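Student: I'd like to go over a predicted model; first the sequence, then the structure.
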Amino acid sequence: MKENPFRMPEGYLENMEFSVMRKISEESAPRTGWSTILRPAIYLAAMFALIFGIGYGVLTLTHSSERLNQNAPALADEDIDYYVNEYITVNEIITYLAQE
């Protein structure tokens with residue numbers, strides 16, 4: 001029969017409970033300070049900046065914003081008033097708002 005080459009250090013089991021409890025208490029201690037408050041806000045701001053940057057980059061590379069501005073007709077305030085007065089009446093607005 002072969003002898004087991006692995007041995008447990010002396011006093012390992014006596015000190016194990018103490019070391020495990022010490023590690024648990026260190027991890028469960030609440031962190032305080034500005035870093036715990038500001039870190040999530042900084043991450044959130046960075047994600048919004050990243051998303052905005054990706055969107056801006058796509059619009060710039062595809063020149064989509066230029067095409068949208070060329071195709072959109074410019075409406076003056078008088079034109080908007082005409083369309084609102086011509087197609088929407090007060091009774092239609094009241095009926096729409098009264099519906100559930």
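Tutor: Yep, that arrived. These figures come from a predicted structure and were not determined experimentally.
Student: where does residue 39 land in three-state SS?
Tutor: helix (DSSP: H, G, I helix; E, B strand; the rest coil).
Student: next, count neighbours for it.
Tutor: Around residue 39 there are 11 other residues, counting by other Cβ atoms under 10 Å. For every residue, glycine as well, the C-beta is placed using N, CA and C.
Student: distance of residue 20 from residue 14?
Tutor: For residue 20, the distance to residue 14 equals 12 Å [Cβ to Cβ, to the nearest Å].
Student: and residue 99, by the same measure?
Tutor: For residue 99, the distance to residue 14 (Cβ to Cβ) stands at 77 Å.
Student: repeat that for residue 62.
Tutor: Distance from residue 62 to residue 14, by Cβ to Cβ: 69 Å.
Student: just the CA trace of the one helix or strand residue 83 maps to, in PDB.
Tutor: Using DSSP states H and E, residue 83 falls within helix 77-87. These are the backbone C-alpha positions of helix 77-87, laid out as PDB (Å, rounded to 0.1, in the frame of the first residue of the first chain):
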ATOM      1  CA  ASP A  77     -46.300  78.800 -37.700                       C
ATOM      2  CA  GLU A  78     -49.100  79.900 -40.100                       C
ATOM      3  CA  ASP A  79     -49.100  76.500 -41.800                       C
ATOM      4  CA  ILE A  80     -49.300  74.600 -38.500                       C
ATOM      5  CA  ASP A  81     -52.200  76.800 -37.400                       C
ATOM      6  CA  TYR A  82     -54.000  76.200 -40.700                       C
ATOM      7  CA  TYR A  83     -53.600  72.400 -40.400                       C
ATOM      8  CA  VAL A  84     -54.800  72.300 -36.800                       C
ATOM      9  CA  ASN A  85     -57.800  74.500 -37.500                       C
ATOM     10  CA  GLU A  86     -58.700  72.800 -40.700                       C
ATOM     11  CA  TYR A  87     -58.500  69.100 -39.600                       C
END
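Student: right, and the helix or strand after it?
Tutor: Later in the chain than helix 77-87, the nearest helix or strand by DSSP H and E is helix 90-98.
Student: centre of the chain to that next one, how far?
Tutor: Its chain's C-alpha centre and that of helix 90-98 lie 38 Å apart, by Cα atoms, centre = their mean, to the nearest Å.
Student: perfect, that will be all.
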